[in-house]
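Undergrad: dropping the sequence and predicted coords here.
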Amino acid sequence: MALTKEQIAQRIARELRDGYYVNLGIGIPTLVANYIPEGINVVLQSENGLLGMGPFPFEGEEDPDLINAGKQTITTVPGSAFFDSAMSFGMIRAGKVDLTVLGAMEVSENGDIANWKIPGKMVKGMGGAMDLVASARNIIVAMMHTNPKGESKLLPQCALPLTGVKCVKKIVSDLAVLDITPQGFKLIERAPGISVEEIKAKTAGKLIVEGEIPEMQF
Amino acid sequence: MALTKEQIAQRIARELRDGYYVNLGIGIPTLVANYIPEGINVVLQSENGLLGMGPFPFEGEEDPDLINAGKQTITTVPGSAFFDSAMSFGMIRAGKVDLTVLGAMEVSENGDIANWKIPGKMVKGMGGAMDLVASARNIIVAMMHTNPKGESKLLPQCALPLTGVKCVKKIVSDLAVLDITPQGFKLIERAPGISVEEIKAKTAGKLIVEGEIPEMQF
Amino acid sequence: MNKAVRDAGEAIRDIHDGAVLMLGGFGLCGIPENCIAALVKKGVKALTCISNNAGVDDFGIGLMLRQKQVRKMISSYVGENAEFERQLLSGELEVELIPQGTLATRCLAAGYGMPAIFTPAGVGTEIADGKEIRNFNGKEYLLEYAFDADYAIVKAWKGDTDGNLIYKETARNFNPLMAMAGKITIAEVEELVPAGELDPNMIHTPGIYVHRIFQGKDYQKRIEQRTVNPRPLPLLAG
Amino acid sequence: MNKAVRDAGEAIRDIHDGAVLMLGGFGLCGIPENCIAALVKKGVKALTCISNNAGVDDFGIGLMLRQKQVRKMISSYVGENAEFERQLLSGELEVELIPQGTLATRCLAAGYGMPAIFTPAGVGTEIADGKEIRNFNGKEYLLEYAFDADYAIVKAWKGDTDGNLIYKETARNFNPLMAMAGKITIAEVEELVPAGELDPNMIHTPGIYVHRIFQGKDYQKRIEQRTVNPRPLPLLAG
């Protein structure tokens, strides 16, 4: 069975380490916050100017001055700090954020990512994505392995306009966990019940399969 | 009579305009604060991180966390703000400070200034002077017209290592007020009882004297 | 150094057709609502607006778009705005998309008197087309220039008559950066106090950067994405 | 994310001979007194110290100079310090003098991940020797590089266990800039509180930049230039 979006988030949450400062993108990445393992202390950075993002507010306690980068109403946790957008991207560029999780339309076998523009469609903009992928030390992509037509989104090279080059370190898709290595996509884990053959068939870029590939446990 | 240091400061204070943000260097420039004309509202910037510098504290009220760029204990005025050194020099570089007054060892007829280093002597450093002279929109130098040996400090070109180039706009010395113009030092006013001939004799750089030169009034 | 003006109309009085404006805010959070309303009323046209976003159809910069007052938007994300899309596709509106961190840092550069900065954002993408690329320590960076804006229009929480500003929570965002970057900076605040009432240790924007300030009114503070959690059940008393 | 350590000794435990340190403060204002004392006690040697000033003979970085622990000072002004002068003239100590704004901005660049910045300070002077000069809009600027320091050691007024810092008055100076710039940042504070007790709107240095924090003790806060005005005569009561 392919992973649900919740399960993708759950699997990514296992990559968190105690003491990490983490930036979670919009969509599946946001869900990672719901699965932070016990005993692991992480601080969430929101690039609109907050360290120490908490959960959504209780109904009636929404504060219009307190939103995340997805423009959602949120709360803070003890020890939080507000700052301006230059400092926010300053700490991102300086490598102070340990992990960035974001979505993608395409990833290439050398770690290029495309997630901001589809030629012929209205382009809304890259927001902070280009800064994040160019600067973060560790980037995990949360994505579907294929597009709605069944075509692979893990490619020899991206067809869509790039957001960043050689930056993605790991992909957690609905089918697999893969590391980006100098040799290409390296298969690390399979989704429960998904065969190596299916992953091979749905990965257009170079796929490296070494030894037995374990199945994810939930 | 040549001006006293207090009179130099007093004359410079007449250059202040309502609403000016002003940075005063160490020495004579500091005294300018004592002669701010009535009805003129100026805000003093101290480059160690303060806008709205006030007078020295009353005895017993010195605060070691509140000093100016000369490391003197000071106070603040209502509406003051503290900031870090990057913002302080940022606002200087961005031309937000309307006027900088500082001392000099030598000034050349094209507005170069030397005030930080004497070869052969222990060099203490330029502090913020190089930033100020390179950035300020309007720089007035407060200085003695000659050195203790009687040699002119207003030169065709500076002999000492430079602090900045083509930056000084006006000089108020103990003998005269002079503007720096494309043609050289232009005499604007004489100190009371000082003749144009004496100023000519003590100005090594090119001096422009046009028409009657008024005497300063105190 | 009293910089207080009566209202938004007086604050924006000299903004002319074709001006380059910076407008603070992230989404609809921390936007200068009063000044935008005054600009709509004044009907000034052919504006270039530097702002992270472009509002929604019926709020924020969207109100100016609806009146066709904007010729060019410089933003990182233009979001959901039907009129915006129509004008863009019809060629009435020009849009320059800039990575958000680059946008912020180009404001900072202007406020700090730095003519240009280096950032890795956009290297290897179409954003880099025609731009100078430079390698430092094995990593490539784009050279990006400081913005040059006629007016910066920002919204703060509290301010004093000397122009010192304090922002609230994430309504800070681009506001302090733009406040530093405008040739003329106009600040609207929820609460305007006499100089001396704000703690000088806690000023986000020193007054030297601000030219006009007024206390705004009738703030709507619209929420774009209202996300909430269910309230936990109250404990039953013994 | 508890970053609290017991004391200065624990905070500086791994600072090694030859390390590059940034030390906050302007003159003797806002200097990390406890960490300097611990570095003197530890006796670590051949240090490069980036700090606006070099202390006085018997306080601040002067204490480390006296123990011959400093190989190189990078400062804007080295002030009055007889031992400093002796070591400099004898060749024991190397000094690099940098304009104060350049010093500050090179710290900012490191903290903001910018490899280099442009500044007009020093153009046309010996400071420009060997440096790249670039003209923007008719004005010349020097290219100056971000600092690369092993440790930043800063002093704040209040801090919390997550590493958030607030500075007092002009004791802020270089401290927040250096706090952002160190690979490892050590903060000593006058008052350390649990995370959540500081107002998140009023944090000068967010905790992400700080690796170790402790509450210092026995602060001397020496005044270099005690300047005062006479107290006005008390009004005589009728």
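TA: Noted; the coordinates are in hand.
Undergrad: how about the residue lying farthest from the centre of chain A, what does it touch?
TA: Taking C-alpha atoms, centre = their mean, the residue of chain A most remote from its mean C-alpha position is residue A:60, at 30.5 Å. Counting by C-beta atoms under 8 Å, 6 or more residues apart in numbering or on different chains, residue A:60 makes contact with C:228, C:231. For the C-beta atoms, the positions are set from N, CA and C on the backbone; glycine is no exception.
Undergrad: list the buried residues in the worst-scoring helix or strand of chain C on mean pLDDT.
TA: When the helices and strands of chain C are compared on mean pLDDT, DSSP states H and E, helix C:82-90 comes out lowest with a mean of 88. By 16 or more other C-beta atoms under 10 Å in any protein chain shown, the buried positions in helix C:82-90 come out as C:83, C:84, C:87, C:88.
Undergrad: and it, how far out from the chain middle?
TA: Its chain's C-alpha centre and that of helix C:82-90 lie 21 Å apart, by C-alpha atoms, centre = their mean, to the nearest Å.
Undergrad: other residues contacting it?
TA: Residues outside helix C:82-90 that contact it (C-beta under 8 Å, 6+ apart): A:122, C:54, C:57, C:62, C:65, C:66, C:68, C:73, C:78, C:93, C:95.
Undergrad: and those as TSV, adding secondary structure?
TA: Listed next are the contacts of helix C:82-90 as TSV, based on DSSP: H, G, I helix; E, B strand; the rest coil:
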residue	secondary structure
A:122	coil
C:54	coil
C:57	coil
C:62	helix
C:65	helix
C:66	helix
C:68	coil
C:73	strand
C:78	coil
C:93	coil
C:95	strand
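Undergrad: residues near the spatially closest residue to residue C:76 that is not a sequence neighbour, how many?
TA: Nearest residue to residue C:76, sequence neighbours excluded (C-beta to C-beta, 6 or more residues apart in numbering or on different chains): residue C:100, at 3.9 Å. Using other C-beta atoms under 10 Å in any protein chain shown, residue C:100 has 32 neighbouring residues.
Undergrad: by contact count, what packs against the longest helix along chain C?
TA: Scanning chain C for the longest helix, with DSSP state H as the assignment, gives helix C:100-111. For helix C:100-111, the packing partners by 3 or more C-beta pairs under 8 Å, 6 or more residues apart in numbering or on different chains; DSSP states H and E come out as helix A:85-93, helix A:129-135, strand C:116-119, strand C:139-145, helix C:175-181.
Undergrad: ok, and what's touching stretch C:223-230?
TA: With C-beta under 8 Å, 6+ apart as the test, stretch C:223-230 has contacts from A:55-62, A:64, A:67, A:70-74, C:27-29, C:56.
Undergrad: now the residue farthest from the centre of chain A: phi and psi?
TA: phi 90, psi -10 (degrees, to the nearest 10).
Undergrad: now do the contacts for the residue nearest to residue C:76.
TA: Residues in contact with residue C:100 (C-beta under 8 Å, 6+ apart) are A:47, A:85, A:89, A:126, A:127, A:128, A:131, C:52, C:76, C:77.
Undergrad: in ChimeraX, how would I select just the buried ones from the contacts of stretch C:223-230?
TA: Entered in ChimeraX, the line below selects the buried ones among the contacts of stretch C:223-230, by 16+ other C-beta under 10 Å:
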select /A:56,57,62,64,67,70,71,72,73,74 /C:27,28,29,56
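Undergrad: those helices in chain C, which residues are they?
TA: For chain C, the helices defined by DSSP H cover C:8-11, C:33-42, C:62-66, C:82-90, C:100-111, C:175-181.
Undergrad: now do the buried residues in stretch A:187-196.
TA: Of all the residues in stretch A:187-196, those buried under the rule 16+ other C-beta under 10 Å are A:187, A:188, A:189, A:190, A:191, A:194.
Undergrad: just give me how far that stretch sits from the chain centre.
TA: Distance, centroid of stretch A:187-196 to centroid of chain: 19 Å (C-alpha atoms, centre = their mean).
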